[in-house]
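Asks: please find the sequence and the predicted model below.
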Amino acid sequence: MYGAIEAGGTKFVCAVGNDHQKVIQKITFPTSTPEETFRQVFEFFDAFSLKAIGVGSFGPIDVNSDSPTYGYIKNTPKTAWQNIDFLGPIKNRYEIPVGWTTDVNAAALGEATKGAGKGLANVLYLTIGTGIGGGAIINGEILEGFGHPEMGHIKVEIHPNDQFEGLCPFHDHCLEGMASGPTIEARLSKKGYEIDEDNNVWGLLSDYIAQALYHYTVVLCPQIIILGGGVMKNPSLLPKIKNDLLEKLGDYVKPPSIENYLAKPGLGDDAGVVGGLILAEKTYKGIDSNERRYRFLL
């Protein structure tokens, strides 16, 4: 049996699953202080005997295993969680292998293995909700370097009909600051689900999202881009994005059929926890018994 943690800035989801990554039991609770949140995490997992746990966390996080702060959440806007050692308490409590990556990387792994990207080697997953983040599976492996991708912070050009200045405290006019869920409320004083599908704000968001997808497409050439998150639950948005992306690509780069190239998550809201279970299994099977270091074997 394996465990998974989908650690979001708004909520935590903890789950346990079998060797086939089938979720057997899970619990959801609001993200609180680190102390209270870890208490609830431990309360859930203490009832199970686990081989390993896979963690997908909001970030930025330190994914460099040679770094002294490996396993830490770094300069997140959630001030209570800044520079918090996430991985250490989990490993100390259970003394089992723990896989560590971002929440969107975990979702990408889940979708690439069992969701809309199943059978494909190059899969990009983007979540558009309270924030915007992206993860990529390239040639079957999670894309990471000195750190992890921050796809939500790519710069976008301001739409000529948009007077909004953006919400990101770190960058002017980045994708997250211009097209995340809170930007709808900041523009219109209403939440996305309260806005009519034909409201002009959806055209603005579509343009910004399509700009980002253009750059991901020409740089990474994924076989599929999966769009999740609360903002994408508006049924009119995905068709707009498809049209805008085709217009921006022109005839220079031609992705696979646009109907299949941009897709909703095949695993729905479970992409992150399923990815966490897969990560847990990969981490468990990738133990080097001499060095006791964990790695992915995708």
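Replies: Yes, it's here. Numbering: from 1, shown residues only.

Asks: so P255 sits in a strand?
Replies: No: counting by DSSP: H, G, I helix; E, B strand; the rest coil, P255 is not found in a strand; it is coil.

Asks: how about the contacts made by the residue lying closest to it once chain neighbours are set aside?
Replies: Spatial nearest neighbour of P255, excluding adjacent residues (CB to CB, 6 or more residues apart in numbering): Y261 at 4.6 Å. Heads up, the C-betas are built off the backbone N, CA and C, glycines and all. Residues in contact with Y261 (CB atoms under 8 Å, 6 or more residues apart in numbering) are 224-225, 255.

Asks: let's go with 10 Å and repeat that
Replies: With contact set as CB atoms under 10 Å, 6 or more residues apart in numbering, Y261 has these partners: 213, 217, 222-225, 242, 245-246, 254-255.

Asks: give me the subset of those that lies in strands.
Replies: 224-225 (DSSP state E).

Asks: which of the contacts of Y261 lies closest to M1?
Replies: Each of the contacts of Y261 was scored against M1 by CB to CB, and I224 proved nearest at 30.5 Å.

Asks: check that closest one and give its pLDDT.
Replies: I224 carries a pLDDT score of 97 in this model.

Asks: my read: it touches Y216, true?
Replies: No: using CB atoms under 10 Å, I224 is not in contact with Y216, being 11.4 Å away.

Asks: now do the shared contacts for these two.
Replies: Common neighbours of I224 and Y216, using CB under 10 Å, 6+ apart, are L124.

Asks: can you pull the contacts of the residue lying closest to H215 once chain neighbours are set aside?
Replies: By the measure of CB to CB, 6+ apart, the closest residue to H215 outside its immediate chain neighbours is I154, 6.1 Å from it. By CB under 10 Å, 6+ apart, I154 lies in contact with 132, 134, 171, 174-176, 208, 211-212, 215-216.

Asks: could you dump the residues you listed into TSV and include neighbour count, distance to K74 and pLDDT?
Replies: Output for those, formatted as TSV (neighbours: other CB atoms under 10 Å; distance: CB to CB, whole Å; pLDDT from 0 to 100):
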residue	neighbour count	distance to K74	pLDDT
I132	29	18	94
G134	30	18	94
H171	15	16	85
C174	22	17	96
L175	30	20	97
E176	27	16	95
Y208	28	26	98
Q211	20	27	98
A212	27	23	98
H215	15	24	96
Y216	18	23	96
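
Asks: what's the closest of the residues you listed to A4?
Replies: G134 (19.8 Å).

Asks: give me the pLDDT for T28.
Replies: Per-residue pLDDT puts T28 at 97.

Asks: mind listing what's buried in the helix or strand hosting it?
Replies: Using DSSP states H and E, T28 sits within strand 23-30. For strand 23-30, the neighbour count (16 or more other CB atoms under 10 Å) marks V23 as buried.
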